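S.K.: sequence? don't have it. structure:
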C-alpha cells in the first residue's frame, strides 16, 4: 500500500520512511504543503496520508481541506506537535480521520494506520494488472496468466511500485527512495540488477510481452507496448 508522508522535519521523515518500509508499505515524501498537493494531484492512488499540521508554504489544515474537496474517502492521519484540544478539533473538522501528537510511539502510529486502512478497506481488495500479469497487494502474490511468480520481498516491492505507477517514467532515484531507502548507500547498480531479475521472472513463457522498458537517460517505464 502507498502512503504519502507530508513532513518537513528530516529526522521524523527518516524515522517514518524506514519504519514504514520495514512494515512493507510503499512510501512517498512531500516536505511542504505545495509539494503534497502536487503529488496528490498526479497520484490519487495513495492508500493513506500522514499529514503534519505545521508545514511550510501551505499548512496542514489547508492541505487537508483541499484534498477533501476532491477525495472524501482517503484516510488522513494528522501529525501535530501541538497538544492542544482546539488544534486537534480544527484538524478533525478539516477532514482528518485521526491524529497523533508528537513525540509519538512508532508502534502506536502503525496501529492507528492499520485501523484506518481496515476501516476504509473494501470487501474485495484491488487487483493490479497489466496485460496478463496480475498482482494482489492483499496476499502479496503475482501471476502471469495462470502461472504463479515466486518473488523475493524486494522483487515484490519493486513490481508493486511499477504496477502502481504504470505508464510513468520512474527514475533510478525514485525507485531507490521508494523500494529501498532514500539514504541507501549500497551497490550503485542495485536498481539495474533487480530490474534484470524481475524481467526474467515476468517472462513465464516465450510469448509473454516485455513490460519493463528502459528509457535511456531517464529511467524505466512499466507499460504494455
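M.R.: Cool, the structure landed. Given the structure is predicted, the values throughout are model-derived calculations rather than measurements.
S.K.: pretty sure residue 109 is touching residue 100, no?
M.R.: Yes. Contact criterion C-beta atoms under 8 Å: residue 109 and residue 100 qualify, at 5.6 Å. Using the backbone N, CA and C atoms, a C-beta is placed for each residue, glycine as well.
S.K.: overlap in contacts of the two?
M.R.: Taking C-beta atoms under 8 Å, 6 or more residues apart in numbering as the contact rule, residue 109 and residue 100 both touch residue 77.
S.K.: what stretches of this protein score poorly on pLDDT?
M.R.: 82-85, 120-126, 181-188 (pLDDT under 70).
S.K.: where along it do the helices fall?
M.R.: Listed in chain order, the helices of the chain (DSSP state H) span 10-22, 33-42, 60-70, 85-94, 106-119, 153-164, 172-175, 190-202.
S.K.: Now do stretch 162-170: everything it contacts.
M.R.: The contact list for stretch 162-170 (C-beta under 8 Å, 6+ apart) reads 2, 26, 43, 45, 128-130, 133, 135, 161, 198, 211-212, 215, 218-223.
S.K.: how distant is it from the center of its chain?
M.R.: Offset of stretch 162-170 from its chain centre (C-alpha atoms, centre = their mean, to the nearest Å): 12 Å.
S.K.: Tell me which residues of it come out buried.
M.R.: Residues of stretch 162-170 classed as buried by neighbour count (16 or more other C-beta atoms under 10 Å): 162, 163, 164, 165, 170.
S.K.: Residue 156 versus the residue lying closest to residue 119 once chain neighbours are set aside, what's the distance?
M.R.: Leaving aside its chain neighbours, residue 119 sits nearest to residue 75 (7.2 Å; criterion: C-beta to C-beta, 6 or more residues apart in numbering). Residue 75 sits 23 Å away from residue 156, going by C-beta to C-beta, to the nearest Å.
S.K.: got the buried residues for stretch 135-150?
M.R.: Buried residues in stretch 135-150 (16+ other C-beta under 10 Å): 135, 137, 142, 143, 144, 149.
S.K.: now, which of these sits nearest residue 61?
M.R.: residue 137 (30.8 Å; C-beta to C-beta).
S.K.: So the closest one sits against residue 157, correct?
M.R.: No. Using C-beta under 8 Å as the test, residue 137 is too far from residue 157 to be in contact (10.8 Å).
S.K.: In contact with residue 160, which residues?
M.R.: Contacts of residue 160 by C-beta under 8 Å, 6+ apart are 26, 128, 135, 137.
S.K.: Ok, residue 71 next?
M.R.: 40, 44.
S.K.: Over to it: give its phi and psi.
M.R.: phi -150, psi 110 (degrees, to the nearest 10).
S.K.: And residue 208, how far from residue 148?
M.R.: From residue 208 to residue 148 the distance is 14 Å (C-beta to C-beta).
S.K.: Repeat that for residue 7.
M.R.: Computed with C-beta to C-beta, the distance linking residue 7 and residue 148 is 38 Å.
S.K.: Could you chop this structure up by domain?
M.R.: Here the domain parsing of the chain from automatic domain parsing is 2-119, 128-222.
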